[in-house]
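Novice: Quick one, structure for this:
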Amino acid sequence: MTRLTDSPDRYGLISRAFHWSMAALFAAQFVSAAAHWALPRENALRETLWTYHVDLGVTLLLLVLLRGVWGLWNLSKRATESGPMGYAAKAGHAGLYALMVIVPAIKIIGAAGGTRGFSYLGIQVFPARDVAIAWTKTISEWHGTLGWILAALVIGHIAAAVIWHHFIKRDDVLARMA
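Specialist: Take a look at the predicted model:
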């Protein structure tokens with residue numbers, strides 16, 4: 001029987017579902033951002049991919065918060081790595097989680113004070129303002145830069161999992177998450 005909670009031998013079904021569904025959604029999110037950045041304005045693919053960027057970002061924020069609570073609840077049940085790589089793993093995960101919250105949060109703050117308003121899944125959350133609040137616009141300008149830093153950390157996370165755990169240590173970390 002598949003365990004729902006984590007253990008030192010294996011991540012539980014809920015942790016694995018959070019991890020892999022969020023991995024797929026973040027991949028889609030980064031593809032939409034890359035297309036928005038790289039393709040010309042009137043490109044149909046660019047516009048199609050961009051239409052889901054906000055809804056996907058808010059969905060990911062909600063999943064990150066739920067996953068964070070779930071992860072903290074299961075933290076004492078998981079295997080840990082010691083030494084310098086253990087510290088590096090903790091720092092890397094802390095950076096990932098911080099940016100997974102900060103990146104969408106600053107854009108939501110910017111939208112709350114912006115002239116376009118903000119909706120999620122078609123539901124109006126913040127109405128459009130006649131005049132933007134300057135500091136919210138300033139803070140939201142960091143969204144893209146921090147988003148690409150998050151993408152770089154995600155690539156580092158994948159590289160560490162594959163290179164360090166699979167090829168160097170030859171341990172079962174990837175199998176525990178699969």
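Novice: How many residues are close by Trp142?
Specialist: 15 (other C-beta atoms under 10 Å). C-beta: built from backbone N, CA, C; applies to glycine.
Novice: If you count neighbours, what's buried in the longest helix seen in the chain?
Specialist: When the chain is parsed with DSSP state H, its longest helix is helix 83-112. By 16 or more other C-beta atoms under 10 Å, the buried positions in helix 83-112 come out as 89, 96, 99-100, 102-104, 106-112.
Novice: Ok, stretch 149-161 next?
Specialist: Those would be 150-151, 153-154, 157, 160, for stretch 149-161 by 16+ other C-beta under 10 Å.
Novice: which other helices and strands contact the longest helix of the chain?
Specialist: Here helix 83-112 touches helix 53-74, strand 118-120, strand 123-126, helix 134-140, helix 143-159, going by 3 or more C-beta pairs under 8 Å, 6 or more residues apart in numbering; DSSP states H and E.
Novice: could I get the buried residues of helix 83-112 as JSON lines with pLDDT and distance to Phe26?
Specialist: Formatted as JSON lines, the buried residues of helix 83-112 follow (pLDDT from 0 to 100; distance: C-beta to C-beta, whole Å):
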{"residue": "Ala89", "pLDDT": "87", "distance to Phe26": "19"}
{"residue": "Leu96", "pLDDT": "97", "distance to Phe26": "10"}
{"residue": "Leu99", "pLDDT": "98", "distance to Phe26": "11"}
{"residue": "Met100", "pLDDT": "98", "distance to Phe26": "8"}
{"residue": "Ile102", "pLDDT": "98", "distance to Phe26": "15"}
{"residue": "Val103", "pLDDT": "98", "distance to Phe26": "11"}
{"residue": "Pro104", "pLDDT": "97", "distance to Phe26": "11"}
{"residue": "Ile106", "pLDDT": "97", "distance to Phe26": "17"}
{"residue": "Lys107", "pLDDT": "96", "distance to Phe26": "15"}
{"residue": "Ile108", "pLDDT": "96", "distance to Phe26": "17"}
{"residue": "Ile109", "pLDDT": "96", "distance to Phe26": "21"}
{"residue": "Gly110", "pLDDT": "96", "distance to Phe26": "21"}
{"residue": "Ala111", "pLDDT": "95", "distance to Phe26": "20"}
{"residue": "Ala112", "pLDDT": "95", "distance to Phe26": "24"}
